[in-house]
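S.K.: Got a predicted structure here, sequence first:
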Amino acid sequence: MPQLEVDGAALTYDDEGPRDGGGVPLVFVHGWTANRHRWDHQVAHFAERRRVVRLDLRGHGESGGAGVKTIDELAKDVLALLDHLKIERCVLVGHSMGGMISQTIALAHPERVERMVLVNSIGRMTYNRGRGLLMAVSTLVPFKLFVATNIQRAFAPGYPRDEIRAYVKSSADTPREVVMTLYGAMRAFDVLDRVGEIHTPTLMIHGYHDIQLPLKQMLRMAKAYPDATVRILDAGHELPVEKPAELTAAIDAFVSPSSS
């Protein structure tokens, strides 16, 4: 279990697959309160034939470190890992907050990103007045209730309750300070007016039933991208675990050499 020390945080990561496989490395970035194992299905598939990297973001999973106030700071962690691994160019695959991190990197360092996959992610969190007030009030409830409410609603109707409870518990194990600080960072994240600068070929794949980051907000973002492909699946916000095989197939079709 390798780790990299970055600004006081020991970041745990996996670096798997052949170095001489087809295409540049795939780098998977998980979302808020999750960990690198959200990508187990995808990593198992791709690591057979190409280099695959994933990490636990600071304060998540098996990584140390406190919460940070901006998505930019998390992007710097990912870039530090890429530098450490001597990866000059890659395909970034980001889920939710991981997609925000990926867009941040693509804007600041387009030369590092050959292609990008945004899974249930957006460029700006937008709420009407009532929804915004509800979100603000939600931070005042007990921590475990706050986490449970947010994670339960991330899954599409009908997803097994026992599995949802397991994800709620895993998310609640993330330190409170990390969860709440990054919640604020996501709400402050806003690159929507700049995404037209991202010329990197991008796949945006979203769950139709996503109420965390609604589909209509992703579609608004997609219109501004110069080179975007959109896929919509019958799922909620947690595509990597709700529809792992379908997500993997969509990513594979997008990043395979024949699609270049």
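M.R.: Done, it's in.

S.K.: From the contact counts, what lies against the helix or strand harbouring Ala44?
M.R.: Per DSSP states H and E, Ala44 falls inside helix 40-46. Helix 40-46 sits against strand 26-29, strand 52-55, helix 244-255, with contacts defined as 3 or more CB pairs under 8 Å, 6 or more residues apart in numbering; DSSP states H and E. Quick note: C-beta positions are derived from backbone N, CA and C, even for glycine.

S.K.: Tell me which stretches of the stretch 1-150 of the chain form strands.
M.R.: 3-6, 9-16, 26-29, 52-55, 90-95, 113-119 (DSSP state E, counting those that start in this stretch).

S.K.: Same list (these) but as TSV, adding mean neighbour count.
M.R.: Output for the strands of the stretch 1-150 of the chain, formatted as TSV (neighbours: other CB atoms under 10 Å):
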stretch	mean neighbour count
strand 3-6	16
strand 9-16	19
strand 26-29	28
strand 52-55	25
strand 90-95	27
strand 113-119	26
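
S.K.: Skipping adjacent residues, who's closest to Ala148 in space?
M.R.: Val168 (5.0 Å; CB to CB, 6 or more residues apart in numbering).

S.K.: Next: Glu246.
M.R.: Leu233 (5.6 Å).

S.K.: Measure how buried the closest residue in space to Asp72 that isn't next to it in sequence is and give me the count.
M.R.: Closest residue to Asp72 apart from its sequence neighbours, by CB to CB, 6+ apart: Thr104 at 5.9 Å. Neighbours of Thr104 under the rule other CB atoms under 10 Å: 23.

S.K.: Make sure Leu118 is actually in contact with Met204.
M.R.: Yes. Leu118 is within contact range of Met204, at 4.9 Å (criterion: CB atoms under 8 Å).

S.K.: so what's in contact with the two at the same time?
M.R.: The contact sets of Leu118 and Met204 overlap at Met218 (CB atoms under 8 Å, 6 or more residues apart in numbering).

S.K.: residue ranges for the helices of the stretch 151-260 of the chain, please.
M.R.: Using DSSP state H, counting those that start in this stretch, the helices found in the stretch 151-260 of the chain span residues 161-172, 176-188, 215-224, 239-242, 244-255.

S.K.: possible to save those helices as TSV with distance to Val52?
M.R.: Listed next are the helices of the stretch 151-260 of the chain as TSV, based on distance: least, CB to CB, whole Å:
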stretch	distance to Val52
helix 161-172	22
helix 176-188	24
helix 215-224	25
helix 239-242	14
helix 244-255	11
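
S.K.: ranking the ones you listed by burial, who's on top?
M.R.: helix 239-242 (a mean of 23; mean count of other CB atoms under 10 Å).
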